[in-house]
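Colleague: everything below, folded, please.
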Amino acid sequence: MEILLVEDNPGDVRLTREALKEAKIQNQLHVVEDGVAAMEFLYQKGPYVDAPRPHLILLDLNLPKKDGREVLQEIKQNPALKRIPVVVLTTSRDKKDILTSYDLHANCYVTKPVELDQFIQIAKSIDNFWLTTVSLPNE
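Modeller: Below you'll find the predicted structure:
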């Protein structure tokens, strides 16, 4: 399984990698640091011409260049990308962010914990549900 993590905070990238490792998730994690790079990855443009199509996207909302809401909207409006599940994984607990994310067709919204143990539990939950339990579209 190919996972695309769209995250600009190096600490959160490191925490995500560690949590996935601790959860013993054996998937390929690709990381981009901003919304523009995320779309280049998904469209296989520029430095991402050979990028694989992700099976799952973990998307932060607060990104440079193009924020996560714009990325989510573009993904879900594109017939070639809209079936890729997008998990909004962000620090925001703001009700407006939650509602906006679901209005833009996010598949789920998860607030990032600060503790590694809690983050590992979330990584395990993501693995158990999105990568083990559900049937994902294979396009």
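Colleague: now the strands for the chain?
Modeller: 2-6, 28-32, 56-59, 86-90, 108-111 (DSSP state E).
Colleague: distance from the chain centre to the fourth one, please.
Modeller: Here the centre of mass of C-alpha atoms in strand 86-90, compared against the chain's by CA atoms, centre = their mean, to the nearest Å, lies 5 Å away.
Colleague: ok, the third one next?
Modeller: For strand 56-59, the separation from the chain centroid amounts to 2 Å (computed by CA atoms, centre = their mean).
Colleague: find the residue at the geometric middle of the protein.
Modeller: The residue lying closest to the centre of the chain (CA atoms, centre = their mean) is residue 58, at 1.0 Å.
Colleague: hmm, that one is touching residue 5, no?
Modeller: Yes - using CB atoms under 8 Å, residue 58 is in contact with residue 5, at 4.7 Å. Bear in mind the C-beta positions are built from the backbone N, C-alpha and C, glycine included.
Colleague: pLDDT on the helix ranked longest in the chain, on average?
Modeller: The longest helix of the chain (DSSP state H) is helix 10-22. Regarding helix 10-22, the rounded mean pLDDT is 80.
Colleague: what angle separates it from strand 28-32?
Modeller: 170 degrees (axes from the mean of the first three to the mean of the last three CA atoms, to 10 degrees).
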